[in-house]
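Visitor: Have a look at this prediction, sequence included:
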Amino acid sequence: FRSRDAEISATFAGDDYYMPGTVSYTLNVGQKEVGLSWSGTTFTYDGNAHLPTATATGLIGSDVCTVTVSGAQTNAGSYTATASGLSNGNYKLPAANTVSFTIAKATPTVTAPTAKTGLAYNGAAQALVNAGSTTGGTMEYSLDGTTYSTAIPSATNVGTYTVYYRVVGNANYNDVAPQKLTV
């Protein structure tokens, strides 16, 4: 039952020594404050919404009380979740009803670029690699390992070239360190 006032009355009919009378007392039965036990406060970005779980503690007997939590987030970062409701009216939330949680950046999947085959000198610049791909961030290329661009590197002259590639992460994905291949 929910917190409420109960009036208790006692009546005495009287006797030879005492006069009749009635006395009343109002008793307030309040909600019990629960404790909160939090779990699932660290996640890795996967494109889905994440939210910690709270469990009500300090319940009486076999009582059941489910905690509603709000503040779900999808992107990598640090956030706060709030216990916002209870399923059992005999209980109330504590004043300290929040928890911090994080969604870490994910490591992207990288499909490495491949060397072009059958290249022969023709006097014109030719792409040295077939583009690589990534699940997150931006694929960049370089011929000197210092200056990177999203453009596929090309060369005109006969020779052996080292093509460097890396992934520059974004808000939800980590960077991937430079790798290289020889063409």
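Guide: In hand now; what should we look at?

Visitor: Now do the buried residues in stretch 148-157.
Guide: Buried positions in stretch 148-157, judged by neighbour count with 16 or more other C-beta atoms under 10 Å: 148, 152, 153, 155. Bear in mind the C-beta positions are built from the backbone N, C-alpha and C, glycine included.

Visitor: residues in contact with residue 183?
Guide: By C-beta atoms under 8 Å, 6 or more residues apart in numbering, residue 183 lies in contact with 115, 116, 119, 128, 129, 160, 161, 162, 163.

Visitor: If we use 6 Å, what do you get?
Guide: Residue 183 is in contact with 115, 128, 161, 163, counting by C-beta atoms under 6 Å, 6 or more residues apart in numbering.

Visitor: if I pick the second one, what's in contact with it?
Guide: Contacts were defined as C-beta under 6 Å, 6+ apart; by that measure residue 128 touches 116, 153, 155, 161, 163, 183.

Visitor: Please convert those residues to TSV, extending it with secondary structure and pLDDT.
Guide: Formatted as TSV, these follow (DSSP: H, G, I helix; E, B strand; the rest coil; pLDDT from 0 to 100):
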residue	secondary structure	pLDDT
116	coil	96
153	coil	97
155	strand	97
161	coil	97
163	strand	98
183	coil	96
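
Visitor: for the residues you listed, which one is nearest residue 10?
Guide: Distance to residue 10 across these (C-beta to C-beta) is lowest for residue 163, with 94.3 Å.

Visitor: separation between the closest one and residue 156?
Guide: Relative to residue 156, residue 163 is positioned 15 Å away (C-beta to C-beta, to the nearest Å).
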